[in-house]
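J.: Sharing a sequence plus its predicted fold:
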Amino acid sequence: MNMATIETAFGLVLTNVQLLETHLVTHFYDALIEQNVGYLGRAELDAVRGNNEKLRALSLTKSDWQKVYQFALIKGAKDMQLQPNHQLTPDAIGYIINFMIETLHPKTALSILELGSGTGNLAETLLTGLLDKEIDYTGFELDDLMIDLSASIADVMGTNAKFLQIDAVRPQVIEPVDFLISDLPVGYYPDDAVASRSKVASATEHTYAHHLLMAQGFKYLKDGGYAVFIAPSDLLSSAQSDLLKKWLLDYARVAAVVTLPADIVTENNQKAIFILQKASQTKAPFVFPLTSLTNPEIVQNFMAQFRKNML
């Protein structure tokens with residue numbers, strides 16, 4: 001990976017996006033979608049076509065493109081002031097999830113379902129990071145813009161990611177998967193009639209959407225399979241947690257809880273990675289406070305402890 005090449009590519013993409021924003025009188029992410037379409041076809045503006053020719057001449061790898069898009073998505077999130085549930089999952093967390101998947105699923109082929117795939121950044125981090133695995137990835141996302149954005153990025157990168165416009169709380173007919181992942185969108189689910197069908201439904205108020213996604217997503221998981229959820233660290237002690245814990249006793253084993261550093265989240269909302277297994281409760285979960293994602297000694301100690309306790 002050549003950072004100078006990546007910086008050059010990002011500059012060309014950013015210039016085109018800004019040209020398209022002005023030309024189309026639109027916002028950053030919509031212009032990025034148009035840039036992706038123009039890169040794969042023929043852009044309308046001469047300047048955009050010229051920059052795309054320079055981009056093609058760089059011969060970017062999938063990993064290069066993943067970095068370019070990460071920078072572009074971060075820039076777009078700042079420009080558009082996106083709500084927290086639409087913010088991209090940081091690459092540092094994606095790399096930790098890569099490690100978890102590699103440790104827990106040594107087989108070469110695996111299927112992954114992501115609930116609330118958003119910009120697709122986590123998907124592409126997995127697909128460009130798990131190089132020794134044949135991955136069948138599907139992302140469920142309800143938002144029109146996010147679906148168009150993530151699909152257009154996958155087209156340019158040439159990954160096999162599939163993104164479907166689906167309300168993941170509602171039942172779907174799909175083949176069971178090896179891994180379920182989600183950077184859970186936090187908040188209340190508005191449709192009480194749909195929520196009432198779930199084991200985690202509240203009888204007194206709107207039900208938490210992240211609880212509903214966990215319970216519904218587990219139905220798509222193979223027996224013995226793992227779910228990796230990024231959620232508020234107080235998931236098991238917050239409001240409606242009694243309903244969630246009752247569901248856990250019946251359907252899932254809490255295999256691990258890894259709290260994440262406070263400096264990688266916003267709005268004073270500390271998060272953790274919860275690993276659940278579709279299996280009966282057999283042993284105490286592995287609990288680890290991961291205080292840094294940039295200190296090699298801390299990360300290596302975490303990895304060693306994770307392998308020791310999870311295998």
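T.: Arrived safely. Residues are numbered from 1 along each chain as shown.
J.: So what's the predicted local confidence for E267?
T.: At E267, the model reports a pLDDT of 54.
J.: again, but for the one 3 residues further on
T.: Looking at Q270, its pLDDT reads 84.
J.: Pull out the buried positions in stretch 137-149.
T.: 137-143, 145-149 (16 or more other CB atoms under 10 Å). Where C-beta positions appear, they are placed from N, C-alpha and C, glycine not excepted.
J.: Would you confirm that L276 contacts G217?
T.: No. Here L276 does not reach G217: they are 9.6 Å apart, not a contact under CB atoms under 8 Å.
J.: returning to that earlier point: go through the buried residues of stretch 137-149 and flag which are in helices.
T.: Those of these mapping onto helices are 145-149, per DSSP state H.
J.: okay, now the residue nearest to F28 when sequence neighbours are not counted: neighbour count?
T.: In space, F28 comes closest to G76 once its chain neighbours are excluded; the distance is 4.1 Å by CB to CB, 6 or more residues apart in numbering. Residues near G76, counting by other CB atoms under 10 Å, number 22.
J.: Now the helix or strand containing G76: average pLDDT?
T.: Assigned by DSSP states H and E, G76 belongs to helix 62-80. Per-residue pLDDT over helix 62-80 has a mean of 90.
J.: Go through it and flag the buried ones.
T.: 63-77.
J.: for that helix, packing partners?
T.: helix 3-24, helix 28-40, helix 121-129, helix 144-157 (3 or more CB pairs under 8 Å, 6 or more residues apart in numbering; DSSP states H and E).
J.: residues making contact with stretch 221-234?
T.: 89, 93, 97, 100-101, 104-105, 176-184, 186, 210, 214, 217-218, 238, 252, 255, 259-260, 269-279 (CB atoms under 8 Å, 6 or more residues apart in numbering).
J.: Which ones among these map onto strands?
T.: 177-183, 255, 259, 271-277 (DSSP state E).
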